[in-house]
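1. 3D model of this:
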Amino acid sequence: MVPAGKVLFRIFNFPVTEDALKSGLSKGLTIITLIYISRFTVSKYLKLPGKLGKILEYALNYLNELMKYRNKIKMKKPFKSGDALLLEIYQKEPVLKVNKSNKTSIFGGIVVILLLIINLGLLYF
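-> Numbering: from 1, shown residues only. Prediction:
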C-alpha cells in the first residue's frame, strides 16, 4: 500500500497521512452532528407547525408504538407478524389526532427546509 499525502506517523508500520486524518475527522464530525440532529428531530418534544408538522408527528408516534411492541414480530414469519402488529396499533385509539384545519406556516416550512439543507450540507462537505 502506497500512502497518498504527507505521512505524519506510523502505527505498526501502517502510515497515517495528513489527508486521511483530515478526511476521517471531517467524516466523524459529520456523523456525530447528523446523529444529534436526528435525535433532536425525532424527539417527542419537537413541535413543527402546520399540517406537515402534524403529519410528521403522527408518523413518529406510530413509529414509537411499533418500537414499543417490536418483540411481537416473529423472525419465522416477519411479514405476517409485522402486519398483525400494524393492524393492532391501527385499530387502537388514534395515536395522535391530526388537526386538519392547520396549514403549514412560512416559519414551519423554513424550519423544515433549513434542517434538510443542514443535513445535506453536513453529508457532502
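2. The residue most central in space within the chain sits in which helix or strand?
-> Residue closest to the average C-alpha location in the chain (CA atoms, centre = their mean): Ser38, at 4.2 Å. Assigned by DSSP states H and E, Ser38 belongs to helix 18-41.
3. what's the model's confidence in that helix, averaged?
-> Here helix 18-41 scores 80 as its mean pLDDT.
4. Restricting to C-alpha, output the next helix or strand after that helix in PDB.
-> Following helix 18-41 in sequence order, the next helix or strand is helix 50-68 (DSSP H and E). Output of helix 50-68 as PDB, limited to C-alpha atoms (Å, rounded to 0.1, in the frame of the first residue of the first chain):
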ATOM      1  CA  GLY A  50     -48.900  23.200  10.400                       C
ATOM      2  CA  LYS A  51     -50.100  20.200   8.600                       C
ATOM      3  CA  LEU A  52     -46.600  19.000   7.700                       C
ATOM      4  CA  GLY A  53     -45.600  19.100  11.300                       C
ATOM      5  CA  LYS A  54     -48.700  17.200  12.400                       C
ATOM      6  CA  ILE A  55     -48.200  14.500   9.800                       C
ATOM      7  CA  LEU A  56     -44.600  14.100  10.800                       C
ATOM      8  CA  GLU A  57     -45.600  14.000  14.500                       C
ATOM      9  CA  TYR A  58     -48.300  11.400  13.600                       C
ATOM     10  CA  ALA A  59     -45.800   9.200  11.800                       C
ATOM     11  CA  LEU A  60     -43.200   9.400  14.600                       C
ATOM     12  CA  ASN A  61     -45.800   8.500  17.200                       C
ATOM     13  CA  TYR A  62     -46.700   5.400  15.200                       C
ATOM     14  CA  LEU A  63     -43.000   4.500  14.900                       C
ATOM     15  CA  ASN A  64     -42.800   4.900  18.700                       C
ATOM     16  CA  GLU A  65     -45.700   2.400  19.100                       C
ATOM     17  CA  LEU A  66     -44.100   0.000  16.700                       C
ATOM     18  CA  MET A  67     -40.800   0.100  18.700                       C
ATOM     19  CA  LYS A  68     -42.700  -0.500  21.900                       C
END
